[in-house]
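**Q** Return atomic coordinates for the entry below.
(one chain, ligands or ions: 1)
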Amino acid sequence: WRTQRRPELLELFKTHVYGRDPGRPKDMTFFTLEQRHGVLNGLANRRQVEVRFAGRRDGPRMTILIYTPAKAKGPVPTFLGLNFRGNHTVTDDPAIRLPHSWVRGRAKGEVVNKRATEKGRGVAKSRWNVTNILKRGYGLATIYYGDIDPDFDDGWKNGVHALYPKPKPDEWGSIATWAWGLSRALDYFETDKDIDHKRVAVMGHSRLGKTSLWAGASDPRFALVISNNSGCGGAALSRRAFGETVKRINTSFPHWFNDNFLRYNDNENACPVDQHMLVALVAPRPVYIASAVGDRWADPHGEFLSGKYANSVYKLYGRIGLPAAKHPPVDTPSMGTIGYHVRSGSHDVKEYDWVQYLKFADKHLKKEK
Ligand code: GTR
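**A** Numbers count the residues shown, from 1 in each chain. Below is the predicted model of the structure:
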């Protein structure tokens with residue numbers, strides 16, 4: 001598994017699904033824009049760091065917002081996740097910078113790209129549980145995904161793609177590009193003494209849950225992986241073709257995967273991999289898959305099965321993967337080295353999900369006292 005089959009599967013996923021990325025840019029630099037102790041009513045220290053992919057402030061760049069517990073005595077385990085609408089949406093904190101890149105907006109009922117405004121501050125806070133994360137001794141780092149690659153089919157001119165040639169059919173689509181950005185954040189964490197870069201949990205919801213899975217599978221430096229309602233191209237098995245299918249996703253979002261993946265429209269059986277193999281690539285590291293019962297589009301049962309079918313690889317490492325023998329009832333988590341739950345409600349990230357992620361992280365990332 002470790003020396004032959006795993007590398008082979010990783011190559012297959014690069015070639016047929018997500019695409020190869022160019023690795024760490026040699027000129028990349030990190031620049032601290034701002035930092036402050038005792039923010040969020042004394043609970044946290046905040047740092048905002050700009051990653052300059054070409055080493056220039058006028059080139060492609062992303063801003064990482066980092067909160068660590070003010071009480072921490074040393075480097076802390078940290079959750080890292082991309083956000084959909086700007087770092088300033090994750091809490092009400094007035095000092096969080098607005099994103100420099102375009103965000104999604106609406107004009108006359110149409111989706112358009114526009115500048116972020118103050119109106120967005122804190123609007124996604126119900127999805128982030130910032131206070132609890134910090135109280136439990138974890139850091140939280142987040143990046144606006146549009147800083148890395150704007151989420152529209154733009155002919156690969158924007159974001160970090162401006163630095164590279166147009167991707168070939170086996171090269172990075174947007175999911176692989178966002179995942180590459182997460183790896184660049186990890187490069188930064190290796191230089192930040194407040195973050196324990198060996199205990200970083202990468203988390204994402206929906207398209208960003210597909211991204212966190214690919215990031216965790218392709219970059220073994222991530223210590224734990226969380227996929228929230230990731231669906232097609234994430235944790236759901238493609239061969240079930242239930243809810244969103246390969247053809248549907250490639251039609252609505254032609255830029256997410258590489259061009260080779262188009263071959264599997266209405267032709268899932270021809271693809272040499274399926275998504276349980278993606279989960280298995282994370283082994284022996286812990287991985288949590290969460291579904292929502294109302295999120296039929298993401299195929300909750302297919303998400304459960306990919307965890308279940310990854311068990312055989314965890315077994316090779318002497319670990320129990322996902323303990324549940326059958327798809328567990330709603331709101332009944334099952335936690336081995338693979339965790340799973342199906343929450344009541346719809347496609348979202350809720351406090352309930354974070355309660356499980358924190359419990360799972362305590363089990364796997366907290367040091368023995
Ligand atoms: C939907 C898409 C899903 C999921 C979701 C999201 O439109 O069909 O695959 O990624 O968007 O990211 O919110």
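
**Q** list the contacts for residue 246?
**A** The neighbours of residue 246, taking Cβ atoms under 8 Å, 6 or more residues apart in numbering as the test, are 232, 233, 238, 261, 264, 265, 266, 267, 268, 271. In short, each C-beta sits where N, CA and C put it, glycine included.

**Q** Among these, which one sits closest to the ligand?
**A** Comparing the contacts of residue 246 against the ligand with Cβ to the nearest ligand atom places residue 232 closest, at 5.3 Å.

**Q** wait, doesn't the closest one sit right on residue 249?
**A** Yes - counting by Cβ atoms under 8 Å, residue 232 sits close enough to residue 249 to count as a contact (5.0 Å).

**Q** ok, and of the contacts of residue 246, which contact the ligand?
**A** When Cβ under 6 Å from any ligand atom is taken as the criterion, the members of the contacts of residue 246 that contact the ligand are residue 232.

**Q** Using neighbour counts, trim the contacts of residue 246 to the buried set.
**A** Using 16 or more other Cβ atoms under 10 Å as the burial test, these include 232, 233, 238, 261, 264, 268, 271 as buried.

**Q** Tell me which two in those residues are the farthest apart.
**A** The widest separation within those, taken as Cβ to Cβ, falls between 232 and 271 and amounts to 12.4 Å.

**Q** Just to be sure, residue 182 is in a helix?
**A** Yes - with the criterion set as DSSP: H, G, I helix; E, B strand; the rest coil, the secondary structure at residue 182 is a helix.

**Q** That one contacts residue 211, correct?
**A** Yes - in this structure, residue 182 sits in contact with residue 211. The criterion is Cβ under 8 Å, and the distance is 7.2 Å.

**Q** number of nearby residues for residue 34?
**A** The burial count assigned to residue 34 is 14, neighbours taken as other Cβ atoms under 10 Å.

**Q** Not counting residues beside it along the chain, what's closest to residue 238?
**A** residue 268 (4.7 Å; Cβ to Cβ, 6 or more residues apart in numbering).

**Q** any idea whether residue 204 is helix, strand or coil?
**A** Reducing the assignment at residue 204 to three states with three-state DSSP gives strand.

**Q** Identify each of the helices in the protein and give its residue range.
**A** Taking DSSP state H, the helices of the chain run over residues 5-13, 130-135, 145-148, 174-189, 207-218, 246-252, 275-281, 300-309, 311-316, 351-365.

**Q** Tell me which of the ones you listed lies nearest to the ligand.
**A** Distances from the ligand to each of the helices of the chain were compared by Cβ to the nearest ligand atom, and the smallest falls on helix 207-218, at 3.2 Å.

**Q** quick one, that closest one and helix 5-13 angle?
**A** Per axes from the mean of the first three to the mean of the last three Cα atoms, to 10 degrees, the angle that helix 207-218 makes with helix 5-13 is 140 degrees.

**Q** ok now do the nearest residue to residue 13 once chain neighbours are set aside, which residues does it touch?
**A** Taking Cβ to Cβ, 6+ apart as the measure, residue 13 lies nearest to residue 273, with 5.7 Å between them; neighbours along the chain are not counted. Listed by Cβ under 8 Å, 6+ apart, the contact set of residue 273 reads 9, 12, 13, 16, 17.

**Q** could those residues go into JSON lines alongside neighbour count, distance to the ligand and pLDDT?
**A** Written out in JSON lines, the entries for those read as follows (neighbours: other Cβ atoms under 10 Å; distance: Cβ to the nearest ligand atom, whole Å; pLDDT from 0 to 100):
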{"residue": "9", "neighbour count": "19", "distance to the ligand": "22", "pLDDT": "98"}
{"residue": "12", "neighbour count": "14", "distance to the ligand": "21", "pLDDT": "98"}
{"residue": "13", "neighbour count": "22", "distance to the ligand": "17", "pLDDT": "99"}
{"residue": "16", "neighbour count": "20", "distance to the ligand": "18", "pLDDT": "98"}
{"residue": "17", "neighbour count": "27", "distance to the ligand": "14", "pLDDT": "99"}
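
**Q** of these, closest to residue 27?
**A** For residue 27, the closest of the contacts of residue 273 turns out to be residue 13, at 28.1 Å, with distances computed as Cβ to Cβ.

**Q** Please verify my assumption that the closest one contacts residue 217.
**A** Yes - the pair formed by residue 13 and residue 217 meets the contact definition of Cβ under 8 Å, at 7.1 Å.
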